[in-house]
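> coords please:
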Amino acid sequence: MVRSTHTKEDIFRMLSVIPDPEIPVVSIYEMGMLRDVLIDEDGYNVVLTPTYSGCPAMGIIAQDIKMTLDANSVFPNKVSLVYHPAWTTDWMSDEAKQKMKNYGIAPPLHSSCNQDVFHHNIIECPRCHSENTVMLSRFGSTACKSMYQCNDCKEPFEYFKCH
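As a prediction, the model looks like this:
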């Protein structure tokens, strides 16, 4: 197999459109999961950090990356998962947070998790913007989200937990 000659920037550009399978309105790049692309004599190594150590979407994301690289003749390639440092909401772009809100998921209130969101912060409803909300469950459809309900518009919504 002949090694391709793509730059790190080329690879980031190709991969920046891959959606997060659990929140399809944001990309893995906007979420901050796409950490690095290492290029050496062995080929291309895409470095990912999962949002949670047991994130069930990582297999799909790795498969999407490999398919995108293969389709763009980026050979040889591999995907590596890195757990240290742990992913944090600090790595999310402001654009990702806004897209989440527009999609109906309340984005993290702050970047660093030095505050206890469950006791000290008001979660704004992403639909009607009311602050009259209540947590229904610490866990939503995925471990990275909590389930809330707005007392004004009565709609349930998820809050993407800060971590």
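> going forward, measure contacts and count neighbours with C-alpha atoms only.
Noted.
> which secondary element of this protein has the worst mean pLDDT?
Taking mean pLDDT, DSSP states H and E as the measure, the helices and strands of the chain show their lowest mean at helix 117-120, namely a mean of 50.
> what's the first helix or strand after that one?
Helices and strands here follow DSSP states H and E; after helix 117-120, the next one along the chain is strand 133-137.
> so after that next one, what's the next helix or strand?
Remark: after strand 133-137, the chain's next helix or strand is strand 145-150, criterion DSSP H and E.
> tell me, what residue is most central in this protein?
Centroid-nearest residue in the chain: residue 31, 3.4 Å away (criterion: Cα atoms, centre = their mean).
> what's the burial count for the nearest residue to that residue once chain neighbours are set aside?
When the adjacent residues along the chain are set aside, residue 31 lies closest to residue 92, with 4.5 Å between them (Cα to Cα, 6 or more residues apart in numbering). Using other Cα atoms under 10 Å as the criterion, residue 92 is surrounded by 20 other residues.
> hmm, residue 92 is touching residue 34, no?
No: Residue 92 sits out of contact with residue 34 when judged by Cα atoms under 8 Å, with a separation of 10.6 Å.
> who's in contact with the helix ranked longest in the chain?
Longest helix in the chain, counting residues (DSSP state H): helix 58-71. Applying Cα atoms under 8 Å, 6 or more residues apart in numbering, the set of residues contacting helix 58-71 from outside is 11, 14, 15, 18, 20, 21, 50, 75, 77, 78, 79.
> from the residues you listed, list the buried ones, please.
Burial by neighbour count, 16 or more other Cα atoms under 10 Å: within the contacts of helix 58-71 this picks out 11, 15, 18, 20, 21, 50, 75, 77, 78, 79.
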